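# Below: sequence and its predicted model.
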Number of protein chains: 2
Amino acid sequence: MTQWQMMTISMDRKYKSLLDSLTYYLFEMGAQGTQIEGADYYLETEDLYGEIRSQGSEESKEPLQVKAFFEPTITPDYIQSQLQAMLQVPVQIQSQVIKEENWQANWMSHYELQTISRFIKIVPAWQDYQSNYPDERIIFLNPGLSFGTGNHTTTRLSGQALELFMQGGERVIDVGTGSGILSLIAWSLGAKQVWGYDLDPQAIQAATDNLAIHQAKTGQNIAVEFQVNDLLSGVEQTAEIIVANILPHILKELIPQAGPLLTENGYLILGGILEEKAKDLIDYLEESGWKVCQKTSAEGWANLVVQKKED
Amino acid sequence: MTQWQMMTISMDRKYKSLLDSLTYYLFEMGAQGTQIEGADYYLETEDLYGEIRSQGSEESKEPLQVKAFFEPTITPDYIQSQLQAMLQVPVQIQSQVIKEENWQANWMSHYELQTISRFIKIVPAWQDYQSNYPDERIIFLNPGLSFGTGNHTTTRLSGQALELFMQGGERVIDVGTGSGILSLIAWSLGAKQVWGYDLDPQAIQAATDNLAIHQAKTGQNIAVEFQVNDLLSGVEQTAEIIVANILPHILKELIPQAGPLLTENGYLILGGILEEKAKDLIDYLEESGWKVCQKTSAEGWANLVVQKKED
C-alpha cells in the first residue's frame, strides 16, 4: 500500500512574502501537492493597486503553515535544510506518514471536483468521474500549484464568463494561465485557437502537462499553446476573447495592453478582483474607454466582462 | 404578399397604469405582437418595495406609445372605439399598412434571436435557426406579450443562473413564468419536472402554446406544467430550484413562500431586480435567513442566486 508523508512547514508570519518561493521550492523537491490554509496569506502580501496597506500587529498571529505531500523516501530533515538554505529564514517541519486512504482523506479532500456549471467540471487527473451527460465537458487537471490557495471561486467565475460569452470559433488569450485551466475550458467551449501565458515557468510546465493529459484523453490535436510571457508584452495576435484571472493589482497593468489586441466587439474577462476593490477598477475601466457588460460576485470575489466603448 | 397593419396607439402618460390592460386588450383583439418603447414605462408605474416614488412633472413628457401589429382586415376605428370603451380613457391611433418585408423589418427586428449563453438560444418560433453545435439548446418561442418590454436582460440573467447552478435532475418551480421561457430553459438543462405559475391567464395560455411548439418539435413528452397561480400560494410540492423573474416589488412577498418549498441546498434564483434596489433586497434576504451565493449585474438589472442559511 502506498504511503505518503504529509509535511507541515511552519514559518514566522513576518516571512509571508516568501510564500510563493516556498511553494515553488516544495514542488521543485518533489512535492505532489501543497495546501495553504486560506487565501488570506496571499491577499495580505499583495500590494493591491499600489496602495499601502496597514500591516497591523504581527505578534498575535499564528505562524504561516503549508502542508506538502511527498513520497516517503524524502526526509523532513532534508526538506528543512534545503528550505532554510534557499529561503534564508528558519522553518520548522513536522512530518506524518499517512496511508493511502488517509492521504486521500487529507489531500484529495482538498482537491475535489470543481463545478463550473452544468456543462463544465474540473476533475483531478487521478480521479474517475462519470459524466452525467454526453455533452458535459470534463477538464482533467493535475492541480499542482493552482489549488488550495483560495482561488477556486475566481476560476469558477472566469470559467462561467467564458461559457456565457463565448459562442465558439474565437481566438482566446488567457493571461496568467497558471495550471492552464481557463485555456482548456475555452478550448472545450469551441475556441479556434488559445494562447496561454504566464510569467512563471513552473506554471507553464504544469499547463503543458495538463494539455498533454487532454491530448491523450481526447486524441485530438488541441490548438492550445502555452508560453512564458510577462502579461501581454510583445504579443501581436488579436483575439475575440482575452481572459485574465490574475492577482488584482496586475489587472491595471494589463488593461492598456489588452485593448489593442481585442477585436471589435471582443470581450475582456477580468477575474481575481476583490469585491471591495471592484468599484475602483470599474471606475478606472470607464475612464479609460471600456464599458462593463456584466459583473458577477461570489464569496468576496468579483468578475467583470468588459468591452471597448465604440469610438 | 401578406400585408400587416402597424397601429400606433398613443395615450396620455398620466394613464400609464393602464399599460398592462392596454396590451392585454390588444392581444385579445388579435394583435400578433406589441412593442412598448422601453422599459421605463413599466418601472415608473411600479411601486417598488412599497415605497412612494416621486411622480415628477408629467406635462413635459411625450405621450405613451404602443405599437401593435394586426392583420389588415381590422380597422383602426374599431380598435380605437373598443380600447376607449374598455379603458375609459381617450386613445389616438395611427395606422400604417406595411408589406411583409417592411413588417419584418419593423417587427421582427425587435424579436431577434436572444443569446443566453454558448448553450442556449431563444429563437422566435417563425424563424429558421441553424445551430452552431449539436448540443446547443434552441428554445423556439412565440414572443407575444413577453418581448419588447425591456426584460430581455432579466430573462438572460435568470436563464444564465439556471445554466450555472442546475446540474440536471432537479424539480424546478418558475414563478411568474410569462411566456414560459425559463421553464423551457430549465427543461432543456435536464430538469426532471418543471412547474410554471403566473397570475395572468394570458401568460399561461402563451406558455402552454410555447410548450406545444416544443412537444411538436422534439417529439418528447416534456414534463413541464403551466398553471394560473398567485405566486406560490397553495403550492405544496418541494423543488431543488425556484426561479422568479418578476417585477421587483413582488419578490419580497415571494421569498417567505419559497423558503419552505425549497429542498436543503436548493437554490432560489431571483431576477428582475433593479441594480439600485439590490442592496435593499440583499439586506432583507440576509436578515430573513438567506445567504447570497452569487450576484450578477448587467444593464442596470441584477440577478441573485440565494440559499437558505443552515440552521
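Thanks, I have it. Since this is a predicted model, take the numbers as computed values, not measurements.
# Which secondary structure state is assigned to residue A:281?
Look at residue A:281: counting by DSSP: H, G, I helix; E, B strand; the rest coil, its state is helix.
# any idea of the pLDDT on it?
On pLDDT, residue A:281 comes in at 95.
# Nearest to chain B: which residue in chain A?
Residue nearest to chain B within chain A: residue A:135 (3.9 Å; C-beta to the nearest C-beta). For the C-beta atoms, the positions are set from N, CA and C on the backbone; glycine is no exception.
# tell me the secondary structure for that residue?
Following three-state DSSP, residue A:135 is assigned to coil.
# Check the gap between it and residue A:128 for me.
Distance of residue A:135 to residue A:128, given as C-beta to C-beta, to the nearest Å: 19 Å.
# which one of the two has more residues nearby?
residue A:135 (14 against 5; other C-beta atoms under 10 Å in any protein chain shown).
# So that one sits against residue B:135, correct?
Yes. Using C-beta atoms under 8 Å, residue A:135 is in contact with residue B:135, at 3.9 Å.
# hang on, residue A:161 packs against residue A:302?
No. Counting by C-beta under 8 Å, residue A:161 sits too far from residue A:302 to count as a contact (11.2 Å).
# so what sits against both of these two?
Shared contacts of residue A:161 and residue A:302, defined by C-beta atoms under 8 Å, 6 or more residues apart in numbering or on different chains, comprise residue A:296.
# and residue A:94, how many neighbours does it have?
Neighbour tally, residue A:94, other C-beta under 10 Å: 12.
# Phi and psi next, for the nearest residue to it once chain neighbours are set aside.
Spatial nearest neighbour of residue A:94, excluding adjacent residues (C-beta to C-beta, 6 or more residues apart in numbering or on different chains): residue A:8 at 4.5 Å. Phi and psi for residue A:8, reported as degrees, to the nearest 10, are phi -100, psi 110.
# Identify the bridge partners of residue A:8.
residue A:67, residue A:94 (DSSP bridges).
# Pretty sure residue A:24 sits against residue A:202.
Yes. Between residue A:24 and residue A:202 there is a contact under C-beta under 8 Å: 6.1 Å.
# What parts of the stretch 201-311 of chain A come near chain B?
A:293, A:294, A:295, A:296, A:297, A:298 (C-beta under 8 Å from any C-beta of the partner chain).
# May I ask which of those residues has the most neighbours?
residue A:296 (27 neighbours).
# what's the pLDDT at that one?
98.
# which stretches of the stretch 201-311 of chain A have low pLDDT?
A:311 (pLDDT under 70).
# Up against chain B, what does the stretch 1-150 of chain A have?
A:115, A:116, A:117, A:118, A:119, A:132, A:133, A:135.
# Go through those and flag which are in strands.
Residues of the residues of the stretch 1-150 of chain A next to chain B located in strands (DSSP state E): residue A:115.
# Tell me the one of the residues of the stretch 1-150 of chain A next to chain B nearest residue B:181?
For these, the minimum distance to residue B:181 (C-beta to C-beta) is 17.3 Å, reached by residue A:118.
# re the thing from before, what degree of burial does the residue nearest to residue A:94 show, as a neighbour count?
Residue A:8: 15 neighbours (other C-beta under 10 Å).
# What's the biggest strand in chain A, counting residues?
strand A:262-274.
# Give the pairing partners of that one; include direction for each.
For strand A:262-274, pairing defined by DSSP bridges yields strand A:239-245 (parallel), strand A:301-308 (antiparallel).
# Can you show me the CA trace of that strand as PDB?
Output of strand A:262-274 as PDB, limited to C-alpha atoms (Å, rounded to 0.1, in the frame of the first residue of the first chain):
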ATOM      1  CA  LEU A 262      -9.000  42.700 -28.700                       C
ATOM      2  CA  THR A 263     -11.100  42.600 -31.900                       C
ATOM      3  CA  GLU A 264     -14.200  44.800 -32.300                       C
ATOM      4  CA  ASN A 265     -17.000  43.600 -30.000                       C
ATOM      5  CA  GLY A 266     -14.500  41.300 -28.400                       C
ATOM      6  CA  TYR A 267     -14.700  40.600 -24.600                       C
ATOM      7  CA  LEU A 268     -12.100  41.100 -21.900                       C
ATOM      8  CA  ILE A 269     -12.900  38.900 -18.900                       C
ATOM      9  CA  LEU A 270     -11.300  40.100 -15.700                       C
ATOM     10  CA  GLY A 271     -11.100  37.700 -12.700                       C
ATOM     11  CA  GLY A 272      -9.400  37.700  -9.400                       C
ATOM     12  CA  ILE A 273     -10.900  41.000  -8.300                       C
ATOM     13  CA  LEU A 274     -11.700  41.500  -4.600                       C
END
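# Give me the buried stretch members for it, please.
Neighbour-count burial for strand A:262-274 flags A:262, A:266, A:267, A:268, A:269, A:270, A:271, A:272, A:273, A:274 (criterion: 16 or more other C-beta atoms under 10 Å in any protein chain shown).
# just how off-centre is stretch A:4-21 within its chain?
19 Å (C-alpha atoms, centre = their mean, to the nearest Å).
# Run through who's touching the top helix by length along chain A.
For chain A, the helix with the greatest residue count under DSSP state H is helix A:201-218. For helix A:201-218, the external contacting residues (C-beta under 8 Å, 6+ apart) are A:24, A:27, A:125, A:139-142, A:144-146, A:177-181, A:183-184, A:187, A:196, A:198, A:221-222, A:224, A:226-228.
# ok, back up a step: comparing the strands paired with strand A:262-274, which comes out most buried?
Neighbour counts (mean count of other C-beta atoms under 10 Å in any protein chain shown) averaged over each of the strands paired with strand A:262-274 peak at strand A:239-245, with a mean of 26.
# all helices of chain A, in order?
Under DSSP H, chain A gives helices at A:19-28, A:40-45, A:76-87, A:100-106, A:152-165, A:181-188, A:201-218, A:248-261, A:275-287.
# Quick check on residue A:119: phi, psi?
Dihedral angles (degrees, to the nearest 10) for residue A:119: phi -100, psi -20.
# Can you report how many residues neighbour it?
22.
# do you know how far it is from residue A:262?
Counting by C-beta to C-beta, the gap from residue A:119 to residue A:262 is 25 Å.
# What of residue A:211?
Residue A:211 is 24 Å from residue A:262, by C-beta to C-beta.
# Please name the nearest non-neighbouring residue to residue A:21.
Using C-beta to C-beta, 6+ apart, the closest residue to residue A:21 is residue A:87 (6.3 Å).
# and the residue nearest to residue A:291 when sequence neighbours are not counted, how many neighbours?
Excluding its sequence neighbours, the residue lying closest to residue A:291 (C-beta to C-beta, 6+ apart) is residue A:309, at 5.2 Å. Neighbour count for residue A:309, taken as other C-beta under 10 Å: 11.
# bridging residues for the closest residue to residue A:200 other than its chain neighbours?
Take residue A:200 and drop its neighbours on the chain: the residue closest to it by C-beta to C-beta, 6+ apart is residue A:228, 7.7 Å away. Residue A:228 has the following beta-bridge partners by DSSP bridges: residue A:198.
# before we move on, what about residue A:241?
Listed by DSSP bridges, the beta-bridge partners for residue A:241 are residue A:172, residue A:267.
# hang on, the earlier thing: tell me if I'm right that the residue nearest to residue A:200 and residue A:177 touch.
No. Using C-beta under 8 Å, residue A:228 and residue A:177 do not qualify as a contacting pair, with a distance of 10.3 Å.
# what's the overlap in contacts for these two?
A:197, A:198, A:204.
# can I get the residues you listed in a markdown table with neighbour count?
Shown next, in a markdown table, are these (neighbours: other C-beta atoms under 10 Å in any protein chain shown):
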| residue | neighbour count |
| --- | --- |
| A:197 | 25 |
| A:198 | 25 |
| A:204 | 20 |
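# Cool, thanks, signing off.
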